[in-house]
Structures are given as C-alpha cells and as structure tokens.
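Q: My questions are about this predicted structure, shown below with the sequence.
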Amino acid sequence: MFIEVDGVEKVFEVRKKTGFLKRERRQVRAVDSLSFTVARGEMVGYIGPNGAGKSTTIKMLTGILTPSGGRLRVAGIDPSRERMRLAHRIGVVFGQRTTLWWDLPLIDSYRLMHRMYRIPDARYAENLDRLVELLSLESLLDVPVRQLSLGQRMRGDIVAALLHDPDVLYLDEPTIGLDVISKAKVRDFLRELNTERGTTVLLTTHDLQDIEQLCSRVMVIDHGRLMYDGPLAGLHEAGESERTLVVDLERELPPIDAGPAARVVKVEGPRQWLAFPASESAAPLVARIAAEYPLADLSVREPDIEAVIAKMLRSLGDTPKPPPDRATA
Amino acid sequence: MGAGRLYTAVAAGGFRRYATYRAATAAGVFTNTAFGIILVYTYLALWDEKPHLGGYDQAQAVTYVWLGQCLYATLAIQGGGVEKDLMERIRTGAIAIDLYRPADLQLWWLATDLGRSLFQMLGRGVIPFLVGAVFFPMALPADAGTWAAFLVALFLAMLVSFGIRYLVALSVFWLLDGMGVNQVLMVTGIFFSGMTLPLNVFPGAFGEVVRVLPWAAQLQMPADVLMGETGVAGAFAFQAAWAVALLAAGRLLQSAATRRVVVQGG
C-alpha cells in the first residue's frame, strides 16, 4: 500500500483563559483512531465538514505534524521523521494559497523548483514543456504572478507542484473560485495525470463535481473519524441524496404527479421543483412529464456535497460504529 | 553543492523581487539623499559646537551620515525587509506551504533577505553615498584593504540585521499580528543602530550599553571599520558573535514556532 494510516490520532492541547490568571487545559481530539490505506495510482476524494480533521490528516501525511498515536507511512517513509526526504516525493497544492513568487514572472518560481527539488536538467525541461502545454500556460511564463487571474495562478501552482514528478499529489480545494472553463481544464488535467503517470491523488474539496468526475473512491471524515469509505454512489445511497429536477411548465398547474419516482418539493407559478433519488436516471422521469404536461423547459440540479454528507451523518446518528478493538477494550 | 545553488537562486529571486519596485526605489534614492543633506548640516552645526564629538572629526561625521543613508534600506534598519513578507505569511497561514518544501525555513528567508540587501545597496544606497562624496568632504580610506574589510563588516551587519528581524517576525506565531512589534522594531532599529547619532557620542554607562547591543553591529561597526576607528579583528568578532547568537536563537524559536503553526489549522 502506498499510503498507510493505522489507528492514527492527533490530540491538541488547548489552553483557555478562564479567569484573570487562571488557565484551563483542554484536550482536543482532531483525529481519532483513523485507519485507511490508499494504493498507488488511486485517486481518492477526502471530504468532510470544516474542522472535521481533513487538514490535520494532510499535515500528518506530509510530515509537518507528528501524530499523537498510531502508525503512518507514505511510500514506506514515516513522514514526521523524514519530512525532507518525503518532500521530494510529494506535491501539495492549496487552492487558496500559493507557493509561487508573487512579484516575479512565473518561470522564476519554476527555476527555483528546479533547484529546490534537484531535478536533473533534462527532466526539468521535459516536465516543464509538457505541463505548461497541458495547462496552456505558454504565453504566461514571463508574466508576474500577481498579474495572473485566479484560474491561471491555480494552474501555475499545479505545475509547480508536479515539476519534480511526485508520486503523490495532495490537492486542497483545487477548483475553488474558478470559472466553469478553468474548472474543466484543471479536472481534465488531473484525470490525465492520474491515468498516464499513475500519480496517486488525494483530493479535498467542497465541490461534488470534482469528486464525481475524478474520484472512484470517497472518504468522509467528521469529528476526526472516518465515517464512510467507498464509491461515490454508495455515499449517495447512504445519504439518500436526491437530485432536483426543475420543470418550467407553459402555465401554472397543480403539483405534477410523477408517480413514486419523484415528489414535488416546491411550486412557484409555472415552475416546479421535483426531488428524485440521486442514484436514479432522470430520463424516464423527464419522458413521463414531457408526455403528460405542457413542458417549456427543464434542468437538473446536483445535490451539493454538504447536503449529502449532512444527510449521511444524520442517518448514522453522528456516531459511527466503534472499531472492534475499542469496543472490547 | 545543490543546497548552495538553491539558496543562490533564492537570493537572486530576492534581488529581482525588490528590483521590480522601480518607483519605490527612485523615491527611496530621493528620500535618502534629502535626509542625508538635512542630517549633514545638522551634524556640521553640532560638530562645530563640539569638535571631535565621539572621537569623530567633521569629515568623519559627514561620512557617517552618508553611510547611514546608504545602509538605511540595505540593512532594513527600521524594518521593511523580508520579515514583512514572513509576518504576512504567518498571519495568513500561508507559512504552512513553506514547510512542505524540502528547504530550510531560516536559510530560505536569509537568502531572500541577502538578495534584497544587495539590491537595496546597489539600487538605492550607492547613489546618495556618491552624492555625498561629491558635494561634501568625506573621510574615505585610500587603500583597498580597508574597503575589503568594510565589505566583510557589511556582510556581517546584514546577518545581524536579518537575525534581529527574523526573531521579530517569528513572534507573530504567538502574537498573531505584527503591528506592535513592527513599531518596536522601527524605533529600536533607528535609535540603537545609531541612525540618529553615532553610538560613540553617548556618554557614561548608557553609552557602554548601547555599544554592545546587537544593533551596534549594524551601522556603527561598518562605519568604524571604514574610517579606521576600530580594530578590524575586534569588530568582526563582535559582529560575528551577535550574528551567531541571533541566528541560533532564530533556529530555536523556529522549531518552537513550527510545532505551533500546525495547531492553528487552515
């Protein structure tokens, strides 16, 4: 296994002022008996509400945070012991932050990566050409980073994270704030990177479409615990998530009767909202409505990731089954 | 070997980065020249009243003024070097990205700051100094050896200057905001470096103290080396001792700080 996380926990001690000079010590369990493995070449979505422990996990996987307990290996390396050695094999991209040199042309940051990761000259040139072409940055190499648009900067950051051919790429919200075209560009690129180079990808996102289009596997974390680990379809099932069909009729009508497949959740003039299970196809429903009603227009809305997770967490009663070793302890 | 090339590249980036601010550089050249003229006449009036104040004659006092203007931005005496960027990265949490890199945080910022210093000296400091040398009588050495010794003292001063500002920047890990410490950095930097008056004019115990503080390694030592007012070996030893002590303290604080950064999340 490429990434092994076995019973890992991270406890922070937080000191809180409770009086004039009194301080109270409190322990916060950011990650609690977390176990999972990721095989080489997998592309995994890692999702959960804010403060669930996602970024703590990534920080432990990259070695800048030492676990309080449990065992952790990335490519056979104990990250916190050998952070520098591991750093040569990982790439990290934060959607909201940049590793690029703000005031200088993009190419300057890449030259720096060349030195920092000690990339052999030929490989650097080859990687740079390939990445810059794939992410269409050719015309931007001499532009100072501060003048790039968010989408351009994001692509610039992705190139910077991949010049040294990392075995694993950690992506944190790589499409946040991007327009539809930029999002598609980034996703296409990541898919290609994964299939052609076999780069293992761990993706944190709030955008369900990122996961849908990229990840065959999803891990959901909440309160520092793994709540779900499996295919995205299973997450929809577990969360009983629903898609929404927005129907515009030619005139105001009473709520549509679509049979057991869907129910009307809202009516506003000639527009009606129908909810149907996310795991079902919309086609039969659309066909039925089109046949029986004067249809003007329609669209399908995907459930958003927070809603799916929230529903799933609720259905689990917010308390996962404790792992067997803890139950007997 | 590989590390040397990396940090050279980092320093080159620091140099180019500051070179992109052309308007700021031009404004700086003007300001330092104007301040130099004002200070020179003030000093000349003072030295007229009290000849040989602090052991300097008038030409030496004038030299001291122009050297101060030359090194003002070079040594970021009132702050405004790379510690500003570092504070901002700590405040916003972007510092976490720096920690993912296979590079040493302190060396990285030191290299950036040395690049910045070099640019500030060549782009901003040299012109006011030349203006001063053309229009006022100055006490400059004729032999290359003294100039070489001065350059060594200047390099050590850069290390000390960075050492102080790195410590100040790291404090933001605990203070979460750099406004207050920046003020302190500015006031202490200007006064204790000897930007207002050379440190050797201060009498008594106070004078003894300010002359052994780390700030004395910044302007006073290079000035005295240049004008032959101090033993070169002693000056180097004084500066190097402070550089080592400050950089070592920076390393200690850095390891405490990086253990802390990750607690703040983000």
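A: In hand now; what should we look at? Residues are numbered from 1 along each chain as shown, chains lettered A, B, ... in the order given.
Q: At which residues are the strands of chain A located?
A: Along chain A, counting by DSSP state E, strands occupy A:3-17, A:23-38, A:43-47, A:69-74, A:90-94, A:168-172, A:200-204, A:217-222, A:225-230, A:242-249, A:263-268, A:271-277, A:295-301.
Q: Reformat these as CSV; add mean neighbour count, distance to chain B and mean pLDDT.
A: Any C-beta I mention is one placed from the backbone N, CA and C, and that applies to glycine too. Below are those laid out as CSV (neighbours: other C-beta atoms under 10 Å in any protein chain shown; distance: least, C-beta to the nearest C-beta, whole Å; pLDDT from 0 to 100):
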stretch, mean neighbour count, distance to chain B, mean pLDDT
strand A:3-17, 15, 5, 86
strand A:23-38, 16, 8, 88
strand A:43-47, 25, 16, 93
strand A:69-74, 17, 13, 94
strand A:90-94, 24, 5, 91
strand A:168-172, 23, 9, 93
strand A:200-204, 23, 13, 94
strand A:217-222, 23, 14, 92
strand A:225-230, 19, 17, 90
strand A:242-249, 19, 32, 88
strand A:263-268, 13, 36, 88
strand A:271-277, 18, 35, 89
strand A:295-301, 13, 31, 88
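Q: Reformat those as a markdown table; add distance to residue B:227.
A: Shown next, in a markdown table, are these (distance: least, C-beta to C-beta, whole Å):
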| stretch | distance to residue B:227 |
| --- | --- |
| strand A:3-17 | 53 |
| strand A:23-38 | 54 |
| strand A:43-47 | 63 |
| strand A:69-74 | 58 |
| strand A:90-94 | 51 |
| strand A:168-172 | 55 |
| strand A:200-204 | 60 |
| strand A:217-222 | 66 |
| strand A:225-230 | 69 |
| strand A:242-249 | 81 |
| strand A:263-268 | 84 |
| strand A:271-277 | 84 |
| strand A:295-301 | 77 |
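Q: Per the annotation, how does chain A divide into domains?
A: What automatic domain parsing lists as the domains of chain A is A:3-237, A:242-302.
Q: so which of those comes closest to residue B:255?
A: domain A:3-237 (12.1 Å; C-beta to C-beta).
Q: starting at the chain centroid, how far to the closest one?
A: Remark: domain A:3-237 is offset 9 Å from the chain centroid, using C-alpha atoms, centre = their mean, to the nearest Å.
Q: same deal with stretch A:287-306?
A: 28 Å.
Q: Let's see the distance spanning it from one end to the other.
A: With C-alpha to C-alpha, to the nearest Å as the measure, stretch A:287-306 spans 30 Å from end to end.
Q: Over to stretch A:73-84?
A: End to end - C-alpha to C-alpha - stretch A:73-84 spans 14 Å.
Q: List the buried residues in that stretch.
A: A:73, A:74, A:75, A:77, A:78, A:79, A:80, A:83 (16 or more other C-beta atoms under 10 Å in any protein chain shown).
Q: go on, stretch A:277-297?
A: Residues of stretch A:277-297 classed as buried: A:278, A:282, A:285, A:286, A:288, A:289, A:293 (neighbour count, 16+ other C-beta under 10 Å).
Q: of these, closest to residue A:217?
A: For those, the nearest to residue A:217 is residue A:278 (17.4 Å; C-beta to C-beta).
Q: looking at it, that closest one is touching residue A:303, isn't it?
A: Yes. If you go by C-beta atoms under 8 Å, residue A:278 and residue A:303 touch, sitting 5.7 Å apart.
Q: what residue ranges in chain A score low on pLDDT?
A: Scanning chain A with the threshold set as pLDDT under 70 gives A:239, A:316-329.
Q: At the contact with chain B, which residues of it appear?
A: Within reach of chain B by C-beta under 8 Å from any C-beta of the partner chain, chain A has these residues: A:12, A:51, A:55-56, A:59, A:62, A:64-65, A:84, A:87-88, A:90, A:92, A:94, A:97-99, A:101, A:103-104, A:108, A:111-112, A:115-118, A:144.
Q: which bits of the stretch 101-250 of chain B sit near chain A?
A: B:101, B:102, B:103.
Q: What strand or helix carries residue B:161?
A: Using DSSP states H and E, residue B:161 sits in helix B:144-170.
Q: Could you list the buried residues of that helix?
A: Going by neighbour count (16+ other C-beta under 10 Å), the buried part of helix B:144-170 is B:146, B:149-150, B:152-154, B:156-170.
Q: how about low-confidence regions in the stretch 151-266 of chain B?
A: B:261-266.
Q: Which residue ranges of it form strands?
A: Under the criterion DSSP state E, counting those that start in this stretch, the stretch 151-266 of chain B carries no strands.
Q: shared neighbours, residue A:278 and residue A:303?
A: Both residue A:278 and residue A:303 are contacted by A:236, A:241, A:242, A:243, under the criterion C-beta atoms under 8 Å, 6 or more residues apart in numbering or on different chains.
Q: Let me have these in TSV, extended by distance to residue A:132.
A: Listed next are the shared contacts of residue A:278 and residue A:303 as TSV, based on distance: C-beta to C-beta, whole Å:
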residue	distance to residue A:132
A:236	37
A:241	39
A:242	42
A:243	38
